[in-house]
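# build me a model:
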Amino acid sequence: MTLDRSVLAFAGVMVLLSVVLTAYVSPYFVWFTVFIGFNLIQSAFTGFCPAATVFKALGIKPGCAF
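Sure, this is the predicted structure:
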């Protein structure tokens, strides 16, 4: 799996996790979803993604975007 696909998979899992936490634990977890969305938007414009940095340090092979 490339770095790009790893980041997309991680973002998807985090969004689903935040939706489940919002539904079953507390409505305040919706802010976690907002944070994830904001992070996706800023990485689209700046090219900087904290998750990509971590995955790259873990040795996942680079893709096209990161």
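
# so where is the protein shaky, pLDDT-wise?
Applying pLDDT under 70 to the chain flags the ranges 66.

# any idea whether residue 48 is helix, strand or coil?
coil (DSSP: H, G, I helix; E, B strand; the rest coil).

# how many neighbours does it have?
Neighbours of residue 48 under the rule other Cβ atoms under 10 Å: 11. Where you see a C-beta, it was placed from the backbone N, CA and C, and this is true even at glycine.

# which strands and helices lie in contact with the longest helix along the chain?
Across the chain, the longest stretch assigned as helix under DSSP state H is helix 3-24. Under the contact criterion of 3 or more Cβ pairs under 8 Å, 6 or more residues apart in numbering; DSSP states H and E, helix 3-24 touches helix 30-46, helix 50-57.

# so what's the residue nearest the centre of the chain up against?
Centroid check for the chain by Cα atoms, centre = their mean gives residue 11 as the closest residue, at 3.0 Å. Residue 11 makes contacts with 36, 40, 51, as judged by Cβ atoms under 8 Å, 6 or more residues apart in numbering.

# including distance to residue 28 and neighbour count, could these go into JSON lines?
Shown next, in JSON lines, are those (distance: Cβ to Cβ, whole Å; neighbours: other Cβ atoms under 10 Å):
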{"residue": "36", "distance to residue 28": "15", "neighbour count": "18"}
{"residue": "40", "distance to residue 28": "20", "neighbour count": "16"}
{"residue": "51", "distance to residue 28": "23", "neighbour count": "19"}
